[in-house]
Every structure is written in structure tokens, then in C-alpha cells.
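Colleague: Take a look and give me a structure for this.
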Amino acid sequence: DIYVFDVGESCQQRMLYMGLGLVKVKAIFITHMHGDHYLGLFGMLQSMHLLDKKDELSIIAPNPLVDLINTVIEKKHVKLTYPYNIRSVAEGEVFSDSKIAVNAFSVNHIPESYGYEIVLKTGKRIVYTGDTAFYEKIAEISKNAELLIHESTFTSRDREEAVAEK
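Modeller: Numbers count the residues shown, from 1 in each chain. Below is the predicted model:
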């Protein structure tokens with residue numbers, strides 16, 4: 001099973017380059033509505049169809065993106081012949097299966113921005129955030145996690161721009 005967190009434009013290409021089969025993607029989690037976090041989604045969904053995906057796909061995303069995905073599907077701009085479910089992200093548990101449980105938490109970025117805590121059935125924890133300014137909650141959630149994946153765009157020399165972009 002493959003679980004994807006944020007789907008930028010090159011995500012599909014990188015997965016194929018790494019030998020990761022798109023039909024094995026079980027769930028996709030999107031942090032927020034900036035294009036570099038979701039614009040690769042529609043191409044990936046279509047490729048899964050072309051590759052004859054059979055298993056269900058879960059997509060967990062902010063409300064505006066859920067609406068956009070549903071519109072694209074309704075207008076038949078992508079063809080999905082495999083089972084899928086699309087859910088709006090909210091704080092708390094958003095996904096669970098026999099291998100992982102995923103909890104969402106808000107971050108300090110644009111409205112409806114989330115990070116994800118992934119709890120493996122072994123008890124190990126991974127914390128993932130997309131864009132965010134400093135937020136004490138992230139430090140608390142990632143304390144004692146085995147891995148923190150924390151995106152960063154700006155260096156300290158770009159501090160003023162980073163604060164303005166938040």
C-alpha cells in the first residue's frame with residue numbers, strides 16, 4: 001500500500017521513476033489549497049484509471065479542494081472507474097486501515113491548512129506538514145515522533161518574505 005501526502009505536479013513522474021506503482025496508492029492526503037500541493041492530483045487520478053486500478057482510493061482534502069474534485073469528476077474531466085471516496089479534512093482522525101491511522105491538525109498558514117500525524121500499527125509515529133509558520137502545536141504533536149517531515153521554503157535571510165507569505 002502507498003499513502004501519498006500532497007501531490008505536486010511532478011509527484012506522479014517521481015513515483016514512476018522510483019518504481020512505485022500508482023495503482024497501489026491507497027490514500028491521498030492534501031494539506032492545503034496551494035497549487036504545489038495538489039495540482040498533480042488530477043493527472044494521477046486519470047493515470048490510475050488508465051493503469052486499471054481496482055482497489056478503493058481515499059482522498060482527504062480541504063473543503064474547497066473536495067468541491068473542485070467533485071466538480072471535475074461530475075463534468076467527466078477525469079474518468080474514474082475504480083472505487084473512491086473523497087472526504088473533507090478536519091482535526092482528528094481522518095483515515096484508518098489495518099496498517100496506519102492518520103490524524104489531522106491545523107497549522108499556521110492559509111485558512112484550512114493541515115498537517116498529519118501518521119501512527120503506524122507498530123506504534124511508531126510520523127508527522128507531516130506542508131507550508132506553515134511556527135506553531136507550538138506542531139512541536140507538541142511531533143514530540144517523540146520517529147520522523148518529522150516539515151516543509152520549508154524560506155531560509156533565515158528571507159525572513160521578511162516568509163512572514164509576509166505566512
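
Colleague: Output the longest helix belonging to this structure.
Modeller: Longest helix in the chain, counting residues (DSSP state H): helix 63-74.

Colleague: ok, residues contacting that one?
Modeller: With CB atoms under 8 Å, 6 or more residues apart in numbering as the test, helix 63-74 has contacts from 30, 33, 38, 41-42, 59, 61, 78, 80, 86-88, 112. Heads up, the C-betas are built off the backbone N, CA and C, glycines and all.

Colleague: how about a cut-off of 6 Å?
Modeller: Helix 63-74 is contacted from outside by 30, 33, 38, 78, 86, 88, using CB atoms under 6 Å, 6 or more residues apart in numbering.

Colleague: to the chain's geometric centre, what's the distance from that helix?
Modeller: 15 Å (CA atoms, centre = their mean, to the nearest Å).

Colleague: just checking, next helix/strand downstream of that helix?
Modeller: strand 84-88 (DSSP states H and E).

Colleague: Given the helix or strand that comes right after that following strand, what are its sheet partners and their directions?
Modeller: Using DSSP H and E, the helix or strand that follows strand 84-88 in sequence is strand 92-96. Here strand 92-96 is paired, per DSSP bridges, with strand 100-106 (antiparallel).

Colleague: For the partner strand, which outside residues touch it?
Modeller: Contacts for strand 100-106 (CB under 6 Å, 6+ apart): 89, 91, 93-95, 114-120, 141.

Colleague: Which one (most neighbours) among the residues you listed?
Modeller: The residue in the contacts of strand 100-106 with the most neighbours, by other CB atoms under 10 Å, is residue 115 (29 neighbours).

Colleague: Name the helix or strand for that one, please.
Modeller: Going by DSSP H and E, residue 115 is in strand 114-120.

Colleague: Give me the mean pLDDT for that strand.
Modeller: On average, the pLDDT along strand 114-120 is 97.

Colleague: contacts for that strand?
Modeller: Outside strand 114-120, the residues that touch it by CB under 6 Å, 6+ apart are 29, 31, 89, 100-105, 107, 125-129, 141.

Colleague: For the residues you listed, name the two members farthest from one another.
Modeller: Spatial extent of the contacts of strand 114-120 (CB to CB) is set by the pair 100 and 107 at 20.0 Å.
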